[in-house]
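**Student:** Here's my sequence, what's the structure:
(2 chains)
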Protein chains: 2
Amino acid sequence: MDAYIAVDVGGTQIRVSVFPAEGTKPLRQEKISTRDVSRTATERLIDLVARLWPEDATVRSIGLAAPGPTDPKAGVVIAAPNIKEWVNFPLQQILQDRFHVPVLLGNDANLAALGEWKYGAAVGYHHVVFLTISTGIGGGIIIDDRLLLGERGLAAECGHVIIDPDGPLCNCGGRGHLEALSSGTAIARYVADELKKGRPSKLPLDPPPTSRDIFKAAQTGDALSIEAFARAGHYLGLFIASLAHTFNPSIVVLGGGVSQTRELLINPLWETLRKNVMAPDYIKDLVITTAALGDDAGLYGALALAQQVK
Amino acid sequence: MDAYIAVDVGGTQIRVSVFPAEGTKPLRQEKISTRDVSRTATERLIDLVARLWPEDATVRSIGLAAPGPTDPKAGVVIAAPNIKEWVNFPLQQILQDRFHVPVLLGNDANLAALGEWKYGAAVGYHHVVFLTISTGIGGGIIIDDRLLLGERGLAAECGHVIIDPDGPLCNCGGRGHLEALSSGTAIARYVADELKKGRPSKLPLDPPPTSRDIFKAAQTGDALSIEAFARAGHYLGLFIASLAHTFNPSIVVLGGGVSQTRELLINPLWETLRKNVMAPDYIKDLVITTAALGDDAGLYGALALAQQVK
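**Tutor:** Numbering: from 1, shown residues only, chains lettered A, B, ... in the order given. You can find the predicted model right below:
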């Protein structure tokens, strides 16, 4: 029997699953904390893979989703939140030297797109844009059934597209990026600013409400909270209008916590999108939907990546 | 001997060239006016191809660049300036029925990108963005050596990416599109508006100066004219920063009349681009250059398309 090993390294957890060569139900899986003062993440990741290594199966390859910018061609993690030793870190070579099977790396948002395309909400679509909207905004793009990587594997950083050159500062230092306008952080910041200006709302000024608090308030009809999601959806709509003109996708999949607000976000998104495409042809048959795999998207994307080794 | 036929249909001219299967020097070529009151463009195009058809060679295929939105998968021209009968027009089928060889269609800006990639400024690059900047702005994108078409073949309409949601209206009716900020028309409009406000300049208020007049004035040091190109370059820089984050290209090729202003446009473009990428990695080794094929880009792109039939 043959098997694949899929690894999802997140800022808080490292997950490893062993899958049969034909099938999507893990044979075994385990997760550990990413941070541990006693030993490096690399050592603990290697131990976990070794512990789960199937004795009765031949492992064809390991696919790994890394939590930050990654050069998949060079097999190098450029940087990773909460893992300080992973800076321009040749993780692919290190794992290959240790386990003697092919190792493939990818950025987690890119691989989440691959996971949703192969096993989730975008099965059967050929031109896919995946956005994960939580504290930040990440992305992955599939073109003609292939993951868009770009020259150095840095493509699909959708959170850092400039939407409004006069907009608010982004965490990265840029101005008016999508992440600064439509992420959970941006929604919370907008509400906090409006509350400080004295806008009436069910929400308290202090402590500043989280995007989850704002979602709950919106569900009970709080106008400011509804407006905050509509504003985020509006900017997403501008982004997707530009994407429709450049990529002409057939489906946009929204993941991450903020996407769980569904119509609060997606209705205003569609309204802006319809107003801003050049011609209805660009959004004819376009599907905008929420992700199906949740927190497993990166893991299943790592599996899909590993499966490129037959 | 085998041959390919390349056709470039523009708003003013229809050009047909016959190329040897191995080679880029036309065996024969001719051009006619696109508009003629007596007969349709389709009839005249068919006559021209028939007249140039090589008696002593086997034609493998015909590649055709169409001057407006085109669905290359369906082989249909959606609309074409100056050819009123070409509305959802099945040109591929009509030509195949007449000439009994495979016919491939593409939008002219997309095919100009393909031409520059195979025979022009982007030879050897794998991730290419091509922009043609003249009265409007068109584009073509190559990813992993393949032309980006998108779900319905409508991709790479770079002129209609939203750069500033509060910006000026575009010819298409949208707001703040790249074409409304950085095209020759946009440059001329900006200068006309500034002159009306009383800005000092060597240029006359009336008749309103063209982008060519403004280029000449910029070359003699006219501050308003220099600023007008710098402004266009700035918005191009914002666009390319977002492209760097989404496509991670290795080369950007600028064609069209406005690109002939070179450093007047490209220096401000680079300045804005450097300031607006998240990390230098995104523009490491990025080349920004001017097109090499001029008015022949579409024709050589049609040849490159035809050559897909071996």
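
**Student:** Walking through chain A, point out its strands one by one.
**Tutor:** Counting by DSSP state E, one finds strands in chain A at the ranges A:2-9, A:13-20, A:28-33, A:58-66, A:70-71, A:76-77, A:103-107, A:128-133, A:137-143, A:146-147, A:251-255, A:287-290.

**Student:** Which one of the ones you listed lies nearest to chain B?
**Tutor:** Distance to chain B, taken as CB to the nearest CB, is lowest for strand A:137-143 among these, at 6.1 Å. In short, each C-beta sits where N, CA and C put it, glycine included.

**Student:** distance of A:Ser250 from chain B?
**Tutor:** As judged by CB to the nearest CB, to the nearest Å, A:Ser250 and chain B stand 4 Å apart.

**Student:** Would you mind listing what in the stretch 1-150 of chain A touches chain B?
**Tutor:** Applying CB under 8 Å from any CB of the partner chain, we find that the stretch 1-150 of chain A lies next to chain B at A:69, A:78, A:126-127, A:139, A:141, A:143-144, A:146, A:148-150.

**Student:** confidence score at the closest residue to A:Glu179 other than its chain neighbours?
**Tutor:** Among residues not flanking A:Glu179 along the chain, A:Gly159 sits closest, at 3.7 Å (CB to CB, 6 or more residues apart in numbering or on different chains). Here, the pLDDT recorded for A:Gly159 equals 96.

**Student:** And A:Ala80, by the same measure?
**Tutor:** The per-residue pLDDT reported for A:Ala80 equals 89.

**Student:** I'd like to know how far it sits from chain B.
**Tutor:** Distance of A:Ala80 to chain B, given as CB to the nearest CB: 14 Å.

**Student:** Is that residue in contact with A:Pro67, as I believe?
**Tutor:** Yes. Using CB atoms under 8 Å, A:Ala80 makes contact with A:Pro67 at a distance of 5.1 Å.

**Student:** overlap in contacts of those two?
**Tutor:** By the contact definition CB atoms under 8 Å, 6 or more residues apart in numbering or on different chains, A:Ala80 and A:Pro67 are jointly contacted by A:9, A:11.

**Student:** Which of the helices and strands in chain A ranks last by mean pLDDT?
**Tutor:** Least confident helix or strand, chain A: strand A:70-71 with a mean of 93, by mean pLDDT, DSSP states H and E.

**Student:** ok, the closest residue to A:Ser33 other than its chain neighbours - contacts?
**Tutor:** Of all residues not flanking A:Ser33 in the chain, A:Gln13 sits nearest, at 6.4 Å (CB to CB, 6+ apart). Under the criterion of CB under 8 Å, 6+ apart, the neighbours of A:Gln13 are A:31-34.

**Student:** Spatially, which two of those are the most separated?
**Tutor:** Distances among the contacts of A:Gln13 were taken as CB to CB; the most separated pair is A:Lys31 and A:Thr34, at 9.7 Å.

**Student:** Can you check which residues contact both of those two?
**Tutor:** Counting by CB under 8 Å, 6+ apart, the contacts common to A:Lys31 and A:Thr34 are A:13-14.

**Student:** Count the residues that sit near A:Glu116.
**Tutor:** 29 (other CB atoms under 10 Å in any protein chain shown).

**Student:** what pLDDT does it get?
**Tutor:** 98.

**Student:** And for A:Pro20?
**Tutor:** pLDDT, read off for A:Pro20, is 97.

**Student:** Can you name the residues bridging to it?
**Tutor:** Assessed by DSSP bridges, A:Pro20 has beta-bridge partners A:Ala3.

**Student:** Isn't it up against A:Met1?
**Tutor:** Yes. Between A:Pro20 and A:Met1 a contact is recorded at 6.6 Å, counting by CB under 8 Å.

**Student:** Next, show the common contact partners of the two.
**Tutor:** With CB under 8 Å, 6+ apart, A:Pro20 and A:Met1 have common neighbours A:Ala57.

**Student:** Looking at these two, which one has more neighbours?
**Tutor:** Between A:Pro20 and A:Met1, A:Pro20 has the larger neighbour count (other CB under 10 Å), namely 15 against 10.

**Student:** Which one's more surrounded, A:Lys31 and A:Thr34?
**Tutor:** Neighbour comparison, A:Lys31 and A:Thr34: the larger count goes to A:Thr34, with 19 against 15 (by other CB under 10 Å).

**Student:** so that one touches A:Thr42, yeah?
**Tutor:** No. Applying CB under 8 Å, one finds A:Thr34 not in contact with A:Thr42, separated by 11.3 Å.

**Student:** Might you calculate how far stretch A:250-269 sits from the centre of the chain?
**Tutor:** Relative to its parent chain, stretch A:250-269 has a centroid offset of 13 Å by CA atoms, centre = their mean, to the nearest Å.

**Student:** Between the two ends of it, how far is it?
**Tutor:** 16 Å (CA to CA, to the nearest Å).

**Student:** For it, the averaged confidence score.
**Tutor:** Average pLDDT, stretch A:250-269: 96.

**Student:** Flag every buried residue along stretch A:2-18.
**Tutor:** For stretch A:2-18, the neighbour count (16 or more other CB atoms under 10 Å in any protein chain shown) marks A:3-10, A:14-18 as buried.

**Student:** Correction: the previous question concerned stretch A:48-67.
**Tutor:** Of the residues in stretch A:48-67, A:48-49, A:52-53, A:57, A:59-67 count as buried by neighbour count, 16+ other CB under 10 Å.

**Student:** Check stretch A:108-125 too.
**Tutor:** So, applying 16+ other CB under 10 Å, buried residues of stretch A:108-125: A:108-122, A:125.

**Student:** Next: stretch A:215-235.
**Tutor:** By 16+ other CB under 10 Å, the buried positions in stretch A:215-235 come out as A:215, A:217-218, A:222, A:224-235.
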